[in-house]
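# have a look at this fold, sequence not included:
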């Protein structure tokens, strides 16, 4: 399970209450009928443990909750006990109900194959759904979890994160977490991150905007983008299409699909939507910091069906720390041992020209045939070069 999978847990349980056709009521019998109807619509099964009403709140406790997660290589269910659901009227908003969901500390992903199973640990995980009783539709969701962790029992891989915060509104989606870590088989550390946040929201014309940042990223390898700040605009992807893509990705994560596969699935769906209009994805602001290196810039990438990498585009960067990289990689005339292993990086670095305020300027061009140019100099001739 990836760090972000905790979001899917909250959203899947919110789905119990996501599409009722009758207004929410605080009477136990009426509230129970609504919950049972929604469970039937989504093939969710559960055993009611308790049902009480006090001070305007209808409270239910459920055991043996099974939430189908769909398939990518076999059926999977989210299984939990001691799930608590409270329903009450919003005190200051007419025709709105507030539904609070509290998740237990333990859960699991059930699957036929042992390798597809997951053990889940949650600390202080809860969410709130704001429900319009007139239109019978959700108006917003927010969720928090102090800790989310998952273990794969066969390979002993694990993922965990702290401080997960989710806001899922009609016009904005916010995700944030901190102190995340993930491992390979036998708990071999493969990555860690101090903090990350993602916001997606519609532009005035209904297309999709994105703000992303992370700090303290560690991954094995030479290049480690420890800090990233990105503002982007998918000028050809409607917001109405973005939300289903993300929901599908979160379901796949919760079902235990490899995080890299999920990322590729979302990216592929996003690319196909952008391809329909042929409009660019704008990089309005990009900042990357890595081991005493800093780069900032802007760019534009246009989706193309027959392009070698799916896009053609440009990225204008200003780099601080060129001397550090030259010490590490060398120059085309005198590469280091490491530089000899990555000649395109050496050639690209050498193509820099004086930029603003002591920086070095680089214009990266991705051609439709796969060639990559830096300041007009070809450093890669295409895939496999």
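Cool, got the structure. Since the structure is predicted, the reported quantities are computational estimates derived from the model, not experimental observations. Numbers count the residues shown, from 1 in each chain.

# hmm, who's touching stretch 165-181?
3-4, 6-7, 10-11, 127, 139-144, 159-164, 189, 191-202, 239, 243, 246 (C-beta atoms under 8 Å, 6 or more residues apart in numbering). Where C-beta positions appear, they are placed from N, C-alpha and C, glycine not excepted.

# let me fix that, I meant to ask about stretch 349-369.
Taking C-beta under 8 Å, 6+ apart as the rule, stretch 349-369 contacts 299, 301, 304, 306-309, 311-320, 322, 325-326, 329, 331-332, 348, 372-377, 379, 382.

# now that stretch: average pLDDT?
Across stretch 349-369, the average pLDDT comes to 93.

# can you give the distance of that stretch from its chain's centre?
30 Å (C-alpha atoms, centre = their mean, to the nearest Å).

# list the buried ones in it?
349-352, 355, 359-368 (16 or more other C-beta atoms under 10 Å).

# filter the residues you listed down to the ones in strands?
Under the assignment DSSP state E, the buried residues of stretch 349-369 contribute 360, 361, 362, 363, 364, 365, 366 to strands.

# mean confidence score for stretch 160-177?
Computed over stretch 160-177, the mean pLDDT rounds to 91.

# do the same with stretch 120-131
91.

# in that stretch, which residues are buried?
For stretch 120-131, by 16+ other C-beta under 10 Å, it's 120, 121, 122, 125, 126, 127, 128, 129, 130, 131.

# mind checking which of the contacts of stretch 165-181 land in strands?
127, 139-144, 159-164, 189, 191-202.

# just the buried residues out of the residues you listed, in PyMOL syntax.
This is the PyMOL syntax for the buried subset of those, where burial follows 16+ other C-beta under 10 Å:
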select buried, resi 127+140+141+142+143+144+159+160+161+162+164+191+193+195+196+198+199+200+202
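
# any low-confidence regions in this structure?
Scanning the chain with the threshold set as pLDDT under 70 gives 1-26, 34, 37, 41, 70-74, 250, 252-260, 384-385.

# which helix runs longest in it?
Looking across the chain with DSSP state H, the single longest helix is helix 259-277.

# buried residues, that helix. List them.
Neighbour counts over helix 259-277 (16+ other C-beta under 10 Å) mark 259, 262, 265, 266, 269, 270, 271, 273, 274, 275 as buried.

# equivalent analysis for stretch 64-82, please.
Of the residues in stretch 64-82, those buried (16+ other C-beta under 10 Å) are 65, 66, 67, 68, 69, 72, 76, 77, 78, 80.

# no further queries at this time; thank you.
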